[in-house]
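Chemist: Below: sequence and its predicted model.
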Amino acid sequence: MPSFYTNRLLISYCLIILVVNFCSCSVKSTTESKIKKSDILASSVSNVEYLKQSIEEAENRLSRNFRQKQVLFLKSKRYESLYHKREDLNVREQILLFWKDKKITDNQKKELLQKCDDLADLWRKQRKKLTLKRFQLGFPN
């Protein structure tokens, strides 16, 4: 007799845990869906701001990276290709994805791509500066 009651108690305990688990999952999913909806609304307002900030961060990264690792870049072209990558390519890809999904207009796309062109020009100037300095110091190009 004691084993019957023990098994019954164990089954009851498992059922209670199962019910609580299902309830918590349903509450969690509705909360997550509300959060996702609010994020989508907020992002639709600030898509252009997000992309502008991405361009600015990429420019800062490019400048900081060049300043910090310039000597390393001068010593070897291999390091230059590893650590001095074009930042504008990733941002361009994001801009085109946002435009394709109709999150930004054609005019906004043109404006943002122009800023990417400026970022690419900065990268080219830095590369040219490295090549000239490498030539002046007698390092192989």
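Modeler: Perfect, I can see it now. Keep in mind the model is a prediction, meaning the values are calculated, not measured. Numbering: from 1, shown residues only.

Chemist: doesn't Asp88 make contact with Arg61?
Modeler: No. Arg61 is beyond contact range of Asp88, at 11.3 Å (criterion: Cβ atoms under 8 Å). Quick note: C-beta positions are derived from backbone N, CA and C, even for glycine.

Chemist: Comparing the two, which residue is more hemmed in?
Modeler: Counted by other Cβ atoms under 10 Å, Arg61 and Asp88 do not tie: Asp88 has more neighbours, with 23 against 12.

Chemist: what stretches of this protein score poorly on pLDDT?
Modeler: Across the chain, the ranges flagged by pLDDT under 70 are 1-7, 9-10, 12-45.

Chemist: Which residue ranges of it form helices?
Modeler: Applying DSSP state H to the chain gives helices spanning 2-45, 47-75, 77-83, 88-100, 106-137.

Chemist: can I see the domain layout of this protein?
Modeler: By the assignment in automatic domain parsing, the chain contains the domains 1-45, 46-141.

Chemist: Starting from Glu80, give me the distance back to Phe139.
Modeler: Phe139 is 11 Å from Glu80, where distance means Cβ to Cβ, to the nearest Å.

Chemist: out of those two, which sits in the busier spot?
Modeler: Remark: of Phe139 and Glu80, Glu80 carries more neighbours, 21 against 14, as counted by other Cβ under 10 Å.

Chemist: Does that one touch Thr131 like I think?
Modeler: No. In this structure, Glu80 is not within contact of Thr131 by Cβ under 8 Å, at 9.2 Å.

Chemist: what about Leu97, distance to Ser54?
Modeler: The gap separating Leu97 from Ser54 is 12 Å, by Cβ to Cβ.

Chemist: So between those two, which is more surrounded?
Modeler: A direct count of neighbours by other Cβ under 10 Å for Leu97 and Ser54 places Ser54 higher, at 18 against 11.

Chemist: if you skip the residues just before and after it, what's nearest to that one?
Modeler: Leaving out its chain neighbours, the residue that sits closest to Ser54 by Cβ to Cβ, 6 or more residues apart in numbering is Val91, at 5.3 Å.
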